[in-house]
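**Student:** Quick one: sequence plus predicted model below, questions after.
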Amino acid sequence: MSAVAEAPSLTPVVVRLKLSLLRNGLRRSGGRRAAFVASAVLALLFAVSQLLGLILLRGHAHAATVTVIGTAVLALGWAVMPLFFPSGDETLDPTRLVMLPLRPRPLVGALLAASLVGIGPLFTVLLLAGCVISVAHGAVAFAVALPALVLALLVCVALARAVAAANIRLLTSRKGRDLAVLSGLLVAVGVQVVNFGVQQLGSTVLDRLAPVADVLRWVPPASAVGAVDSASRGSHGVAAAQLALTAAALAALLTVWGRSLERLMTSPDSSTLQPVGAPARGRAREGGGLARLLPQGRTGAVMERSLRYVWRDPKTKAAWATSLAIGLIVPLFNALQGTGSPYIACFAAGMLGIQMYNQFGQDTSAFWMVALTISSPRDAYAELRARALALLVITLPYASTVTVLTTGLLGAWDRLPEVLGLSFALLGAMLATGAWASARFPYSIPQEGHKNVAPGQAGLAWISIFGGMVAAALLCSPFIALVVWANISGAVESWGPLLLPLGAVYGAGITLLGLRLAAPRTAARLPEILTAVSKG
């Protein structure tokens, strides 16, 4: 009886697949290769610097606190990255393998091995190596350090895979792409919160974090680093328990991951199924909802379309979310730290004014339908004016709120009228230059991928945004000079209340002038605009 041939191992195949995906992705363009090399070098330099810093921390009284909390934060990063960047690794989506005769258990091992290939795992290994070296003292501790490092790395990778597999239906949907929009917001808020917290805690930060580290040393994978520290202190039983806890967490994550894979590869996607007899989703009632609050005619229709772009289009939503977050974070956190100025509240108006630039790029190739409705400069003026009004619906109340909050936190209520007036003047200048730049320097916004500019149009984007910002500052300079004169001459008490209406009138006048000048250019360059915005 002939022996049954054993099936080849799946792990080498999946690892080679991961390497092929990485290699083929880099072959697409020289820019992508350069970006990959640059990001890899920067990540490795940062990891090496952290490794050396952790090694230098060896023997410090708070070394265990830093390493345990650092490991926990590292694991948290592994857990949330798949939610914010689902397209960063093609092998994160196991549904691409559903047509292959694969069983979940060997697939788990193969995908786990493939997850160890890349910059992220190498970065993690260097940081974990620094953590365990920092707290390892004695032969027993160094003997525990190696399995602790391996277990911590595997827990991080398995955690990322389990989270991705459990949420893959969401991540591959439009809602998942909308969730990725929040990544920039959360990162920006997180950085500012950490910065503010460290400044408030000062030199006592490590003392106050010690109780947190005492809890986290029993939470995998930080418990692996805690095991090394326990072994260094001679608590061998505690070290064994912490290692066992980490191994148990790894086994639990692999089990959950395997069940998610089995469910994904054997059950249909419920998001594409509709119950029999279920009524089709009808359109919103004509004239209801948002349309009921907008003006009649072309102005209301264009405003509604622009606002729906903000709500539904992933790229437009990402740009707005980033501008809203940064425009709020920078003034408020500077005010909370006591180092801000009331005038920094104008940053919010500036960030949102940028959204006026490249108005036609968000239409992409569908701009031809807009172009068909423009037969004269008057039609172009009506189109641009409606888009500016849609932007003002969000920008005016938002910029006013940020200004009031900033001046309130700083206790500078007497400066509120002039700061609001300056914000309105700056916003008007950016709307004017944005309308002109949209007609003169349009560029395409790719709908797929993470890039916001089509290849070969980066120069247009830089000229449009930064050139427009410089032009807006120049247009706003007369009102800025008026504000400076009022403060230097001591006439701010008499002129201060008047600066608010003057700024509003100045901003409105510049906006109307900019729209009037941009309309003829827009009407004359419709074919060129359509060509430029259709390249994505």
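**Tutor:** That came in fine, so what should we check first? Numbers count the residues shown, from 1 in each chain.
**Student:** Show the model's pLDDT score for Ala319.
**Tutor:** Looking at Ala319, its pLDDT reads 79.
**Student:** Spell out which helix or strand contains it, please.
**Tutor:** Using DSSP states H and E, the element containing Ala319 is helix 314-336.
**Student:** I'd like the distance from that helix to the chain centre, please.
**Tutor:** Chain-centre distance of helix 314-336: 11 Å, with C-alpha atoms, centre = their mean, to the nearest Å.
**Student:** for that helix, which positions count as buried?
**Tutor:** 315-336 (16 or more other C-beta atoms under 10 Å). To be clear about C-beta, it is placed using only N, CA and C from the backbone, and glycine gets the same treatment.
**Student:** before we move on, what about stretch 215-228?
**Tutor:** Applying 16+ other C-beta under 10 Å to stretch 215-228 flags 216-217, 219-228 as buried.
**Student:** How far away from the center of its chain is that stretch?
**Tutor:** Distance of stretch 215-228 from the chain centroid (C-alpha atoms, centre = their mean) equals 30 Å.
**Student:** Would you mind writing the CA trace of that stretch as PDB?
**Tutor:** Extracted C-alpha coordinates of stretch 215-228, given in PDB (Å, rounded to 0.1, in the frame of the first residue of the first chain):
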ATOM      1  CA  VAL A 215      -1.900  46.900  36.800                       C
ATOM      2  CA  LEU A 216      -0.600  46.600  33.200                       C
ATOM      3  CA  ARG A 217       2.100  44.100  34.200                       C
ATOM      4  CA  TRP A 218      -0.700  41.500  34.500                       C
ATOM      5  CA  VAL A 219      -2.300  42.500  31.100                       C
ATOM      6  CA  PRO A 220      -0.800  40.700  28.000                       C
ATOM      7  CA  PRO A 221       1.500  41.400  26.300                       C
ATOM      8  CA  ALA A 222       2.800  43.800  28.900                       C
ATOM      9  CA  SER A 223       2.800  40.900  31.300                       C
ATOM     10  CA  ALA A 224       5.700  39.300  29.300                       C
ATOM     11  CA  VAL A 225       7.900  42.300  30.100                       C
ATOM     12  CA  GLY A 226       6.600  42.200  33.600                       C
ATOM     13  CA  ALA A 227       7.800  38.600  33.800                       C
ATOM     14  CA  VAL A 228      11.300  39.600  33.000                       C
END
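**Student:** which residues touch it?
**Tutor:** Contact with stretch 215-228 is made by 64, 67-69, 71-72, 75, 128, 131-132, 135-136, 141, 144-145, 148-149, 151-153, 155-156, 229-230, 238-240, 242-243, 245-246, 248-250, as judged by C-beta atoms under 8 Å, 6 or more residues apart in numbering.
**Student:** where does this protein have its least confident helix or strand?
**Tutor:** Every helix and strand in the chain was compared by mean pLDDT, DSSP states H and E; the lowest is helix 174-201, with a mean of 54.
**Student:** Return the list of helices and strands in contact with whichever strand or helix holds Leu22.
**Tutor:** Per DSSP H and E, Leu22 falls inside helix 10-26. Contacts defined by 3 or more C-beta pairs under 8 Å, 6 or more residues apart in numbering; DSSP states H and E place helix 10-26 against helix 30-56, helix 104-115.
**Student:** Give me whichever of those is most buried.
**Tutor:** Of the helices and strands packed on helix 10-26, the one with the most neighbours on average (mean count of other C-beta atoms under 10 Å) is helix 104-115, at a mean of 20.
**Student:** on that earlier part again, and the helix holding Leu22 with helix 104-115, angle?
**Tutor:** 40 degrees (axes from the mean of the first three to the mean of the last three C-alpha atoms, to 10 degrees).
**Student:** Which residues in helix 10-26 does the neighbour count mark as buried?
**Tutor:** 10-11, 14-15, 17-18, 22.
**Student:** now do stretch 517-528
**Tutor:** 518-519, 521-523, 525-526.
**Student:** pretty sure Leu391 is in contact with Tyr357, am I right?
**Tutor:** No. The criterion here is C-beta atoms under 8 Å, and Leu391 misses it with Tyr357 at 10.7 Å.
**Student:** Show me how the record splits this structure into domains.
**Tutor:** With domains defined by automatic domain parsing, the chain comprises 10-269, 295-533.
**Student:** hey, which of those is tucked in deepest?
**Tutor:** Using mean count of other C-beta under 10 Å, domain 295-533 ranks as the most buried of the domains of the chain, with a mean of 19.
**Student:** taking the mean pLDDT, what do you get for the host helix or strand of Arg208?
**Tutor:** Here Arg208 sits within helix 205-216, counting by DSSP H and E. Average pLDDT, helix 205-216: 77.
**Student:** again, but for stretch 394-406
**Tutor:** On average, stretch 394-406 scores 90.
**Student:** Also stretch 418-427?
**Tutor:** 91.
**Student:** quick thing: my sequence starts at 386, can you match it?
**Tutor:** Got it, first residue is 386 now, which makes that one stretch 803-812.
**Student:** And it, how far out from the chain middle?
**Tutor:** 28 Å.
**Student:** Tabulate the CA atom coordinates of it in PDB.
**Tutor:** What follows is stretch 803-812, C-alpha atoms only, in PDB (Å, rounded to 0.1, in the frame of the first residue of the first chain):
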ATOM      1  CA  GLU A 803     -11.400  92.200  16.500                       C
ATOM      2  CA  VAL A 804     -10.500  88.500  16.400                       C
ATOM      3  CA  LEU A 805     -13.900  87.600  14.900                       C
ATOM      4  CA  GLY A 806     -13.600  90.400  12.400                       C
ATOM      5  CA  LEU A 807     -10.100  89.200  11.500                       C
ATOM      6  CA  SER A 808     -11.400  85.600  11.100                       C
ATOM      7  CA  PHE A 809     -14.200  86.700   8.800                       C
ATOM      8  CA  ALA A 810     -11.800  88.900   6.700                       C
ATOM      9  CA  LEU A 811      -9.300  86.000   6.400                       C
ATOM     10  CA  LEU A 812     -12.100  83.600   5.400                       C
END
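**Student:** ok, now which ones touch the spatially closest residue to Val398 that is not a sequence neighbour?
**Tutor:** Take Val398 and drop its neighbours on the chain: the residue closest to it by C-beta to C-beta, 6 or more residues apart in numbering is Ala495, 7.2 Å away. Residues near Ala495 by C-beta under 8 Å, 6+ apart: 394-396, 398-400.
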